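# Give me the fold of what follows.
(chains A and B)
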There are 2 protein chains.
Amino acid sequence: MAVVKLLGTWLSPYSCKVIWALKLKGIPYEYIEEDLSNKSPMLLQYNPVHKKIPVLVHDGKPICESTVILRYIEETWPQNPLLPIDPYERAVALFWIKYADDKNPLIPKLYRTTGEELEQAAKECSEILETIEEHGLIEGKKFFGGDEINMVDISFCLVAHWLGVFEEIAGLKVFEPHKFPKLNSWAQNFKSVPVIKENLPDADKIFAVLKHRRETLLAPKPN
Amino acid sequence: MAVVKLLGTWLSPYSCKVIWALKLKGIPYEYIEEDLSNKSPMLLQYNPVHKKIPVLVHDGKPICESTVILRYIEETWPQNPLLPIDPYERAVALFWIKYADDKNPLIPKLYRTTGEELEQAAKECSEILETIEEHGLIEGKKFFGGDEINMVDISFCLVAHWLGVFEEIAGLKVFEPHKFPKLNSWAQNFKSVPVIKENLPDADKIFAVLKHRRETLLAPKPN
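Now for the predicted structure:
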C-alpha cells in the first residue's frame, strides 16, 4: 500500500489546506509536525528550494507548495472532485486559486506590522476582500463553485479563519460583515463543513502564538 | 468553428507564452494588440480584476493570467502535450512553473531601478538563477522535461531572452554563462526551437521601448 506522509505545522493555513484535501478525499496519511525554528533534515532534504512546509511525501517522493500538492492530490485520487470537470469552469477556478496564492502572503502583514505599515496592510487587505466580494462570489451560491466545497474555497481559508485572529492581534477590523455580506456568508458556510470544522486550528491557540511572535518581531532591537 | 482570440502586447513575455503554446498546439487564432496606455473596453470587460494582458477569448469566454491560460490550452487541445503525463513528474513541472510565476515579477526590476535598489534586484536575480541552475535543470537534458520543450521552459522565457535586454539597459551582467552553464545551454536550446525563434520579439526593439520607459520612470519628479 502507498504510504502518504505530510510534514506541516499545526497553525499553518497551508498545512490545513492539504489536511482538508486529504480528508475530503478519504486518504489516510501520517502527519509529522515540524519545528520551524529547528527544521528537520527530512524537510531540508525534501524541499531544498524553499525549505518550507507543507511537504506531501507519497511513496517516498516529495511534493512541495500547497497549491501544487492540492493539484497532485486531485489528479492522484479523483474521488470527491475538488475542481470542476468543465475546462472553462476549471480555468475560472484556477484563476481564483492563483489570486488567493498571490494575495495570501499579504494578509499576515496585519499581525506583523504597526503604524503606517499596518495602515497599508489593512488597505491592501480590504482591497482583496472587495475584489472577492465583487468578482469572485456569486449571490445565492454556498461556495465558490456552487453547492459543494472545492479547491477555491480551501485556497481562501486565510480569509475565513486566520484573518479574524490577525485583526484581533492588530486591534482593528477589516472584514466587516456588513461591507462584505457575500464573503461573510461564504466564510460561515466554509467553516460549517464537517471536515473543515473538525480540522481547524483553535483561534485562541493561534492568537497566543502569533501575539507572542508579533511582540518578538516588533520589539526594539538592541544596538 | 470555435473562435480563438488573444489580447496581448508584442513585447510582453506573458503574451509570448500564450502565442508559443497556441503555435506549438497548431491552434489558429486572431491576435489583438492592446495599447496599455489606453486599455480597450474589451480588455477591461474581459479582465475586470487585473485589467492586464494576456487574455485568451475562446468562443466568447475570457481566460486570464498566462499560467491559467496555458493550463486551459493544454486541457482543451491535448495534442503535442506541454506537461508530463505522469502525475509525479507533472507535480514537479508545476512546482517549477509556480517558482517561475513567483519570481518572474522580480526580474524586470533590473531595468526599472538604480543605485541600491538595482543592487538588490541584481542580487535577487542572481539567487533565482542559482536556484534554477542547482535544482531545476538536469545535466545533459536539453529542456526542463527532457528532449522536448514543455510548459516549464516556456515559463522561464524571461530568463532566456528578456533578462539580456534588462541587463543591457541597466549596464550590468547577472547571467554570466560560466557561472550558470546548464542554464546557458538551456537558454540556447530554448531559443533554437523554431516556434520560439520565429515568434520572439526583437531584442533591439524591446531595448528601445524599455530604455525609454526607464528614463521616464527614473526622471526627477517636478515638485
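# Could you list the domains of chain A?
A:4-76, A:87-218 (automatic domain parsing).
# So, low pLDDT: which residues of chain A?
A:1-2, A:223 (pLDDT under 70).
# Okay, strands next: where are they in it?
Using DSSP state E, the strands of chain A run over residues A:4-8, A:30-33, A:55-58, A:61-64.
# Chain B contacts on chain A?
Residues of chain A found near chain B (C-beta under 8 Å from any C-beta of the partner chain) are A:48-49, A:58, A:61, A:63-65, A:67-69, A:71-72, A:75-76, A:87-88, A:90-91, A:94-95, A:98-99, A:101, A:131, A:135. From N, CA and C alone the C-beta is placed, and that goes for glycine too.
# Same list (the domains of chain A) but as CSV, adding distance to B:Pro105.
Listed next are the domains of chain A as CSV, based on distance: least, C-beta to C-beta, whole Å:
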stretch, distance to B:Pro105
domain A:4-76, 17
domain A:87-218, 10
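# Would you mind giving these as JSON lines with mean neighbour count and distance to B:Leu172 added?
Listed next are the domains of chain A as JSON lines, based on neighbours: other C-beta atoms under 10 Å in any protein chain shown; distance: least, C-beta to C-beta, whole Å:
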{"stretch": "domain A:4-76", "mean neighbour count": "18", "distance to B:Leu172": "25"}
{"stretch": "domain A:87-218", "mean neighbour count": "17", "distance to B:Leu172": "29"}
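# B:Ala187: which of those domains is closest?
B:Ala187 sits nearest to domain A:4-76 of all the domains of chain A, at 20.0 Å, using C-beta to C-beta.
# what about the closest one, distance to the chain center?
Remark: domain A:4-76 is offset 13 Å from the chain centroid, using C-alpha atoms, centre = their mean, to the nearest Å.
# From the opening residue of that domain to its closing one, how far?
Domain A:4-76 has an end-to-end distance of 12 Å (C-alpha to C-alpha, to the nearest Å).
# Helices of chain A, start to end?
A:13-25, A:41-46, A:66-76, A:87-103, A:109-112, A:115-131, A:151-155, A:157, A:163-170, A:181-192, A:194-197, A:203-218 (DSSP state H).
# tell me which strands and helices the first one is in contact with?
Helices and strands touching helix A:13-25, by 3 or more C-beta pairs under 8 Å, 6 or more residues apart in numbering or on different chains; DSSP states H and E, are strand A:4-8, helix A:66-76, helix A:151-155, helix A:157, helix A:194-197.
# wait, which of these is closest to B:Leu200?
helix A:66-76 (28.6 Å).
# any residues touching the closest one, and which ones?
The contact list for helix A:66-76 (C-beta atoms under 8 Å, 6 or more residues apart in numbering or on different chains) reads A:14-15, A:17-18, A:21-22, A:25, A:27, A:54, A:56, A:58, A:63, A:81-83, A:97, A:101, A:151, A:154-155, B:87-88, B:90-91, B:94-95, B:98.
# Okay, angle between that helix and helix B:87-103 too, please.
Orientation check (axes from the mean of the first three to the mean of the last three C-alpha atoms, to 10 degrees): helix A:66-76 against helix B:87-103 gives 150 degrees.
# A:Tyr111 is in contact with A:Trp162, isn't it?
No. With contact defined as C-beta atoms under 8 Å, A:Tyr111 does not reach A:Trp162; the gap is 9.1 Å.
# List of residues touching stretch A:124-143?
Identification of contacts with stretch A:124-143 by C-beta under 8 Å, 6+ apart yields A:96, A:99, A:103, A:106-107, A:109-110, A:144, A:147, A:149-150, A:152-153, A:156, A:159, A:163, A:174-175, A:179-183, A:186, A:189-190, B:48-49.
# would you list the helices of chain A in JSON lines and tack on distance to B:Leu44?
Listed next are those as JSON lines, based on distance: least, C-beta to C-beta, whole Å:
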{"stretch": "helix A:13-25", "distance to B:Leu44": "32"}
{"stretch": "helix A:41-46", "distance to B:Leu44": "44"}
{"stretch": "helix A:66-76", "distance to B:Leu44": "28"}
{"stretch": "helix A:87-103", "distance to B:Leu44": "16"}
{"stretch": "helix A:109-112", "distance to B:Leu44": "29"}
{"stretch": "helix A:115-131", "distance to B:Leu44": "15"}
{"stretch": "helix A:151-155", "distance to B:Leu44": "24"}
{"stretch": "helix A:157", "distance to B:Leu44": "31"}
{"stretch": "helix A:163-170", "distance to B:Leu44": "29"}
{"stretch": "helix A:181-192", "distance to B:Leu44": "22"}
{"stretch": "helix A:194-197", "distance to B:Leu44": "36"}
{"stretch": "helix A:203-218", "distance to B:Leu44": "39"}
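# Please identify which of these is closest to B:Pro222.
Closest to B:Pro222 of the helices of chain A, according to C-beta to C-beta: helix A:115-131, at 25.1 Å.
# picking that back up, shared neighbours of A:Tyr111 and A:Trp162, which are they?
Residues touching both A:Tyr111 and A:Trp162 (C-beta under 8 Å, 6+ apart): there are none.
# CA atoms of stretch A:168-179 as PDB?
What follows is stretch A:168-179, C-alpha atoms only, in PDB (Å, rounded to 0.1, in the frame of the first residue of the first chain):
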ATOM      1  CA  GLU A 168      -7.700  40.800  16.900                       C
ATOM      2  CA  ILE A 169      -4.000  40.900  17.400                       C
ATOM      3  CA  ALA A 170      -3.600  44.100  15.500                       C
ATOM      4  CA  GLY A 171      -6.700  45.700  17.200                       C
ATOM      5  CA  LEU A 172      -8.600  46.600  14.000                       C
ATOM      6  CA  LYS A 173     -11.300  45.300  11.900                       C
ATOM      7  CA  VAL A 174     -11.100  44.900   8.100                       C
ATOM      8  CA  PHE A 175     -13.600  42.100   7.400                       C
ATOM      9  CA  GLU A 176     -16.800  43.900   8.500                       C
ATOM     10  CA  PRO A 177     -19.800  41.600   7.700                       C
ATOM     11  CA  HIS A 178     -22.000  44.400   6.500                       C
ATOM     12  CA  LYS A 179     -19.400  45.500   4.000                       C
END
